[in-house]
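>>> Quick one, fold the following:
(one chain, ligands or ions: 2)
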Amino acid sequence: MAINVEQAVENAFKSHKIVDIHTHLYPASMGPMYLAGPDELITYHYLKAETSRNLPLSEVEGFNNLPTDQQADVVWKMLFVGGTSPISEAQLGVVTVMNALGLNPRADDLSEFRQLHNDMSAEDYTDLVFEKSGVAKVYMTNDPLDPSEGPFWQNGFDLDPRFQGVLRLDSALMNWPEPVDKLKAIGYEVETALNETTFREIRRYLNDWCGKLDARYMAISLPPDFEYPSDDTTSTLMKECVYPIARDRRIPSAMMVGVTRQVNPILKDGGDSLGSWDLRNLERIARDWPEVNFLMTILSREDQHELCVTARKFPNITPFGCWWFLNNPSIIQEITSERIELLGTSCVPQHSDARILDQLLYKWTHSIRTIAPVFVSKYSDLQNAGWPLTEQDIKNDIALMFGGGNLLD
Ligand code: RAT
Ligand code: ZN
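Ligands and ions are numbered 1, 2, ... in the order given. Down below sits the predicted model:
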């Protein structure tokens with residue numbers, strides 16, 4: 001008997017705990033790295049950028065320099081109390097979070113939310129958010145060269161097993177030779193010149209730190225003009241160090257391509273933008289490194305179809321997530337459809353990119369609300385084509401795709 005596909009997809013999402021393969025979240029035991037609660041949530045850089053659109057230019061810098069709670073008050077007044085309806089994706093996200101926590105999103109101020117958050121320990125708040133969002137594990141973005149983060153790994157701390165390590169490479173490899181002093185300071189004898197000594201020491205850094213973090217993969221964000229092969233320093237370091245270590249350690253190399261950093265520096269974290277990437281570079285990378293698995297997320301909407309086609313040609317490419325400016329329902333729907341149509345289940349449809357713990361409460365609800373109908377349509381087509389579909393088939397597929405795919409757990 002034909003199953004009710006809509007119900008089966010809903011059940012599959014309900015019964016499966018998500019593995020969120022790219023976030024900027026950290027456990028409470030990492031002190032200032034742990035971001036949660038209303039003030040952090042409301043000052044998320046997406047919302048600050050939206051607030052800045054409403055401020056006179058002369059006030060943007062002053063706003064950015066306010067203490068976090070005062071910034072939150074400005075954002076709250078500007079985007080939730082005083083203006084028009086909060087219908088941007090980032091605004092809607094806050095409404096979903098507050099609703100999930102049983103709070104009134106039309107409150108005049110943040111006092112009720114602050115009270116709820118202050119009354120709970122960080123550990124209890126973490127449990128609450130994981131439980132309510134249906135997330136089992138989050139992958140962090142770990143940078144041993146970050147002065148706030150590095151000491152935790154150097155000195156040791158209790159790591160909540162729900163948080164898994166990912167070695168982020170931007171600060172160690174980009175804008176060479178800027179990273180030289182930082183790498184030397186933690187014991188790696190790199191030189192300004194990109195010579196054999198430098199390559200050997202960077203490989204040692206990658207190996208040591210993938211080990212210390214038990215890194216699930218190494219990740220780097222790259223600009224639209226990233227070329228391979230090339231004499232460019234980042235490209236050279238990827239070729240001489242990152243790809244060989246990914247191959248030897250049998251972990252993926254994640255590349256997040258298309259970001260143009262700081263097009264408007266006054267907006268700080270909100271000042272980055274995007275550009276299209278020439279995917280012929282990815283063809284060359286995947287061809288040269290057949291033993292490396294590449295987890296790929298590309299920022300420009302224009303490149304998404306080409307990424308799927310490139311992944312069809314190279315089984316060592318796995319597209320993942322709808323990254324950053326793509327994390328909007330209209331675009332998620334389109335990208336998920338084209339991925340399923342061209343790659344079947346061999347992709348990781350989404351990650352949250354959450355920076356603040358509370359965001360797990362909306363990023364996943366919103367994504368699943370958009371992705372589920374795409375699955376319903378594909379499974380209905382399958383059933384109508386004559387495939388005797390079972391509930392278990394759908395559960396298995398969703399468990400695979402939202403549990404990190406084949407490459408991760
Ligand atoms: O999505 C974001 O919040 C961005 O600011 C970045 O963190 C981006 O996701 C990245 O990992 O570089
Ligand atoms: Zn990110």
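
>>> Only C-alpha atoms from now on, for both contacts and neighbour counts.
Noted.

>>> Could you give the number of residues near residue 158?
Neighbour count of residue 158, defined by other C-alpha atoms under 10 Å: 10.

>>> hang on, I meant residue 185
Using other C-alpha under 10 Å, residue 185 has 10 other residues around it.

>>> Tell me who's in contact with residue 222.
Residues near residue 222 by C-alpha atoms under 8 Å, 6 or more residues apart in numbering: 255, 256, 257, 258, 259.

>>> Now do the strands in the protein.
For the chain, the strands defined by DSSP state E cover 18-20, 135-139, 163-164, 167-168, 218-222, 253-257, 259-260, 273-274, 294-298, 317-319.

>>> Minimum distance to residue 82: which of those strands has it?
strand 273-274 (28.0 Å; C-alpha to C-alpha).

>>> Also near ligand 1: which of the contacts of residue 222, exactly?
Among these, no residue sits close to ligand 1 (C-alpha under 6 Å from any ligand atom).

>>> So what's the model's average confidence on stretch 29-46?
For stretch 29-46, the mean pLDDT works out to 98.

>>> Same question for stretch 395-409.
Stretch 395-409 shows a mean pLDDT of 88 in the predicted model.

>>> same check, this time on stretch 359-372
The average pLDDT within stretch 359-372 is 98.

>>> what does stretch 70-90 give?
96.

>>> can you redo the strands of the chain as CSV with mean pLDDT?
Listed next are these as CSV, based on pLDDT from 0 to 100:
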stretch, mean pLDDT
strand 18-20, 97
strand 135-139, 98
strand 163-164, 98
strand 167-168, 99
strand 218-222, 98
strand 253-257, 99
strand 259-260, 98
strand 273-274, 98
strand 294-298, 98
strand 317-319, 98
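
>>> Chain neighbours aside, what residue packs nearest to residue 319?
Take residue 319 and drop its neighbours on the chain: the residue closest to it by C-alpha to C-alpha, 6 or more residues apart in numbering is residue 296, 4.7 Å away.

>>> For the stretch 101-250 of the chain, what lies in contact range of ligand 1?
Within reach of ligand 1 by C-alpha under 6 Å from any ligand atom, the stretch 101-250 of the chain has these residues: residue 221.

>>> For the stretch 101-250 of the chain, which residue gets nearest to ligand 1?
residue 221 (5.8 Å; C-alpha to the nearest ligand atom).

>>> who touches that residue in this structure?
Going by C-alpha under 8 Å, 6+ apart, residue 221 touches 170, 255, 256, 257, 258, 259.

>>> Any idea how many residues pack against residue 7?
Residue neighbour count, defined by other C-alpha under 10 Å, stands at 11 for residue 7.

>>> What's the per-residue pLDDT of the residue in the chain that ligand 1 sits nearest to here?
Here the chain gets closest to ligand 1 at one residue, residue 324, 4.3 Å apart by C-alpha to the nearest ligand atom. Per-residue confidence (pLDDT) for residue 324: 97.

>>> quick check: longest helix of this structure.
helix 360-384 (DSSP state H).

>>> rewinding a little: could the contacts of residue 221 go into CSV alongside neighbour count?
What follows is those, written out as CSV (neighbours: other C-alpha atoms under 10 Å):
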residue, neighbour count
170, 16
255, 18
256, 18
257, 24
258, 23
259, 22
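
>>> of those, closest to residue 56?
Nearest to residue 56 among the contacts of residue 221, with distances taken as C-alpha to C-alpha, is residue 259, at 26.5 Å.

>>> Relative to residue 318, how far out is that closest one?
Using C-alpha to C-alpha, to the nearest Å, residue 259 is found at 19 Å from residue 318.
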